[in-house]
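Asks: Structure for the following, please:
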Amino acid sequence: MMAKRFTDTMKWEEDWYLDLSLTQKLFWIYICDNCNHAGIFKPNKRLFEMLIGDKIDLNKFLEQVNEDKLRISILVNGRWYITGFIEFQYGSSLNANNRVHKSILKLLNDNDLDWDGEVQESKQMTRKESTQQAKPKTISEVVDYFLSKGSTKKDGEKFYYFYESNGWKVGKNKMKNWKMAASGWVSRDKQTKPDADYLGGQLQAMKS
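Replies: Residues are numbered from 1 along each chain as shown. Below is the predicted model:
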């Protein structure tokens, strides 16, 4: 059954999108059309290049898309998460009794992602609690999270002091979920200093 979803027609008036190359623009549309209903995408560079007959540099694409705002977060399992997808498609509140919303929450959980909006019925979440997720309470909380992701205490402290100094903002926007930003930080660091396990996971994700 063909999936139907909303598309952001305003992107054609936004500088970040207009600054992309033609191939990068097509890849953004490709990602939005081919991600699952939770906004999680399994990178398939080879298929995309075959479809359009052109090459794309994934690292350069991510740098361009995330230059002023975190739009795509790279997950530990190699998949990509479109950070604004769920809110754009379904709103800022998910209903755990709704079959589709329940499936979304499960996909987020399976991919170690936290939903920073409200969840109705089975998991109530107040606006105050949602706001508290925007930034960590202590540096120790950040370090513990980095260690749990296979990173180091030094990188956790570097992340904390970097965002603490700029008021926990991504570009000009306030950070909505520090754990999501931290996961992206760890993933980008692994790309800079790849290990065998990480490279193996990325290659497997590309081939799957």
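Asks: Which element, helix or strand, includes the residue positioned nearest the centre of the chain?
Replies: The residue lying closest to the centre of the chain (Cα atoms, centre = their mean) is residue 73, at 2.6 Å. Following DSSP states H and E, one finds residue 73 within strand 72-74.
Asks: just checking, what packs against that strand?
Replies: On a contact count with 3 or more Cβ pairs under 8 Å, 6 or more residues apart in numbering; DSSP states H and E, strand 72-74 meets helix 58-65, strand 80-82, helix 178-192. C-beta: built from backbone N, CA, C; applies to glycine.
Asks: Name the stretch among the ones you listed that sits most buried.
Replies: strand 80-82 (a mean of 22; mean count of other Cβ atoms under 10 Å).
Asks: Strand partners (parallel or antiparallel) of it?
Replies: Within its sheet, strand 80-82 is paired with strand 40-41 (antiparallel), strand 72-74 (antiparallel), according to DSSP bridges.
Asks: Output those strands in CSV, with mean pLDDT appended to each entry.
Replies: Shown next, in CSV, are those (pLDDT from 0 to 100):
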stretch, mean pLDDT
strand 40-41, 96
strand 72-74, 95
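Asks: nearest to residue 176, of these?
Replies: Residue 176 lies closest, by Cβ to Cβ, to one member of the strands paired with strand 80-82: strand 72-74, at 11.2 Å.
Asks: Show me what that closest one is in contact with.
Replies: 31, 62, 65-66, 80-83, 180-181, 183-184, 187-188, 191 (Cβ atoms under 8 Å, 6 or more residues apart in numbering).
Asks: which pair in those spans the largest distance?
Replies: Going by Cβ to Cβ, the pair spanning the contacts of strand 72-74 furthest: 31 and 181, at 19.4 Å.
Asks: sorry, back to before: among the contacts of strand 72-74, which one lies nearest to residue 106?
Replies: residue 81 (14.7 Å).
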